[in-house]
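Peer 1: predicted model, plus sequence, below.
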Amino acid sequence: MMMTGHLDGVPGRLRTDRLDIVPGTPALGRAELNDRRRFGELLGASVPAAWPPPENDEHTMTFFTQYVETHPDGIGWAAWYILLHGGDGEPTAIGTCGFTAKPDDTGTVETGYSILEEYQRRGFAPEAVTALVDWAFSHAEVTRVIAHTFPALRPSIRVLEKCGFSFVGPGAEEGTILFERRR
C-alpha cells in the first residue's frame with residue numbers, strides 16, 4: 001500500500017495495486033447524499049448507476065457526513081470511498097469502507113466495508129480492508145480493529161479471514177458476530 005500526501009491533517013489517498021481509497025470529507029458526504037454528478041467530480045471518478053453499495057444507505061451516509069462535519073479531526077476515521085483504477089481512463093467508484101469513529105480509550109476502532117454487487121467476488125474488499133487496517137495500525141494509539149457481521153454472510157466472513165481477523169464471539173447487536181485483528 002502506498003499513501004499519498006496529507007493536507008492540514010487530512011489523510012491522503014491509500015493506493016493499492018488496483019484501488020485508490022479516498023477519505024470521506026464533509027463535501028464528499030454532502031455530494032454523495034445530494035448530487036451524484038458533483039460526487040463523481042469530487043472523487044475524480046465515474047459513479048455507477050447502481051450506487052450506493054449495499055448497507056451504505058441514506059442513514060449511513062448522513063451519519064458519516066455529520067461525523068466529519070462535527071469532528072474535523074475525524075476525517076480518516078469515518079467513510080472512505082473505494083475507486084478501481086481506470087487504467088488509462090477514469091477510475092470507477094466501486095464501494096465504501098471505513099471506521100465508525102476515532103479510536104476509543106482502549107485503542108479499538110470498528111471497520112466496515114461494502115462493494116457494489118457487480119464488483120463483488122473479485123478480491124476488492126480484502127484489498128481495501130487490508131489497506132485500511134494497515135493505515136489504522138500506522139497510528140500508535142490503535143491496538144485493535146474490530147468488525148461485526150452476520151453468521152449467514154459467508155462472503156463477509158471470508159473478507160475478514162483473508163485480512164487476518166479472528167472470530168471473537170457474539171457481536172454487540174443481536175444476531176451479529178464479532179471479529180478482531182490485533183496489532
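Peer 2: Done, it's in.
Peer 1: make sure His71 is actually in contact with Lys102.
Peer 2: Yes: with contacts counted by CB atoms under 8 Å, His71 reaches Lys102, the gap being 7.1 Å. Every residue, glycine included, has its C-beta placed from N, CA and C.
Peer 1: hey, what's in contact with both of the two?
Peer 2: Trp77 (CB atoms under 8 Å, 6 or more residues apart in numbering).
Peer 1: comparing those two, which shows the higher neighbour count?
Peer 2: Taking other CB atoms under 10 Å, His71 and Lys102 do not tie; Lys102 has more neighbours (16 against 13).
Peer 1: and for the more buried one, nearest residue in space, chain neighbours not counted?
Peer 2: For Lys102, ignoring the flanking residues on the chain, the nearest one in space by CB to CB, 6 or more residues apart in numbering is Trp77 at 4.3 Å.
Peer 1: residue contacts, the one you found?
Peer 2: Residues in contact with Trp77 (CB under 8 Å, 6+ apart) are 71, 98-99, 101-103, 109.
Peer 1: what of Gly95?
Peer 2: Applying CB under 8 Å, 6+ apart, the residues near Gly95 are 53, 81-82, 113-116, 119, 124-125, 128.
Peer 1: top of those residues by neighbour count?
Peer 2: Within these, neighbour counts (other CB under 10 Å) peak at Ile82, which reaches 33 neighbours.
Peer 1: can you confirm it is in a strand?
Peer 2: Yes: per DSSP: H, G, I helix; E, B strand; the rest coil, Ile82 lies within a strand segment.
Peer 1: and the helices in the chain?
Peer 2: 26-34, 36-43, 58-70, 124-137, 154-162 (DSSP state H).
Peer 1: Leu178 reaches Phe165, doesn't it?
Peer 2: No: the pair Leu178 and Phe165 fails to qualify as a contact (CB under 8 Å) at a distance of 9.5 Å.
Peer 1: what do the two both touch?
Peer 2: Ala147.
Peer 1: the two - which one has more neighbours?
Peer 2: Per other CB under 10 Å, whichever of Leu178 and Phe165 has more neighbours is Phe165, with 22 against 18.
Peer 1: and the gap between the closest residue to that one other than its chain neighbours and Leu160?
Peer 2: Excluding the flanking residues, the one nearest Phe165 by CB to CB, 6+ apart is Phe179, at 4.0 Å. Distance of Phe179 to Leu160, computed by CB to CB, to the nearest Å: 5 Å.
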